[in-house]
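K.L.:
model the structure of this input:
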Amino acid sequence: MSSAQSRARRQSFKRLPKGQNGGIELLLVQNVDSVGKQGEVVEVKPGHANNFLLPQGLAIVATEHHKRMVEKHKSKLKEIEKARLGGLQALANKIAQQSITIEANANDEGHLYGSVGAVEIVSALKAVDLVVTDDQVRLQGPLKELGLYTVKVHLHHDIEADLKVWVVPTAN
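P.N.:
Next comes the predicted model:
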């Protein structure tokens, strides 16, 4: 190959944009461990960009157009998240106003033969059309005695509700 051909070939490749620290600026298409999250503009070493991130389709070149598109998408995601949080807050308010009763077998002293756990609380909430998962019900331990308990229902890292749970003896 002549030197003119090799020069023309080098010029046909587009140079990747350099970051402030001399690396390559890329926009992540997916979450990549030890690099960043989807939608972030990151700066990586040229070898990592050329040999892994770009060929695998995990990132694209961070052009101004791509950055603007991501900002628009992020604003839409924020609106969706805001609406979801509003719905979760409304659910938390309904849960806080609710009081559920769970029947369980108990001896004369009020000790349960079994225990009441998150699964029973979730099914009692489902009976009154409130849907939560059993990992959202935060118990200090299983409920083993008759009585009134205040149970935390964790819906989001900012949203919790206190639920009143009555554990009563089974009617014979």
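K.L.:
what residues sit buried inside the helix ranked longest in the chain?
P.N.:
Using DSSP state H to define each element, the chain has its longest helix at helix 64-97. Of all the residues in helix 64-97, those buried under the rule 16 or more other Cβ atoms under 10 Å are Val70, Leu91, Ala92, Ile95. Yep, even glycine has a C-beta here, placed from its N, CA and C like the rest.
K.L.:
ok, then the element right after it?
P.N.:
Later in the chain than helix 64-97, the nearest helix or strand by DSSP states H and E is strand 99-104.
K.L.:
for that following strand, the distance to its chain's centre please.
P.N.:
Computed by Cα atoms, centre = their mean, to the nearest Å, the separation of strand 99-104 from the middle of its chain amounts to 31 Å.
K.L.:
so what strands line up beside that strand?
P.N.:
Here strand 99-104 is paired, per DSSP bridges, with strand 159-169 (parallel).
K.L.:
what's the average pLDDT for the longest helix of the chain?
P.N.:
Regarding helix 64-97, the rounded mean pLDDT is 88.
K.L.:
stretch 123-139 now?
P.N.:
92.
K.L.:
residues contacting that stretch, please?
P.N.:
Stretch 123-139 is contacted from outside by 91, 94-95, 98, 100-102, 117-119, 121-122, 151-155, 163, 165, using Cβ atoms under 8 Å, 6 or more residues apart in numbering.
K.L.:
for stretch 159-167, same thing?
P.N.:
Residues outside stretch 159-167 that contact it (Cβ under 8 Å, 6+ apart): 85, 88-89, 91-93, 95-96, 98-102, 104, 112, 116, 121, 124-125, 143, 145-155.
K.L.:
same thing but at 6 Å, please
P.N.:
88-89, 92, 95-96, 99-102, 104, 116, 143, 146, 148-154 (Cβ atoms under 6 Å, 6 or more residues apart in numbering).
K.L.:
which residues does Val167 bridge with?
P.N.:
The partner list for Val167 in beta bridges (DSSP bridges) reads Ile102, Gly147.
K.L.:
quick one, grab the pLDDT at it.
P.N.:
At Val167, the model reports a pLDDT of 94.
K.L.:
stretch 107-125: end-to-end distance?
P.N.:
26 Å (Cα to Cα, to the nearest Å).
K.L.:
can you give the domain ranges for the chain?
P.N.:
Domain ranges of the chain: 3-69, 98-169, per automatic domain parsing.
K.L.:
now those in TSV, with distance to Lys76?
P.N.:
Output for those, formatted as TSV (distance: least, Cβ to Cβ, whole Å):
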stretch	distance to Lys76
domain 3-69	11
domain 98-169	20
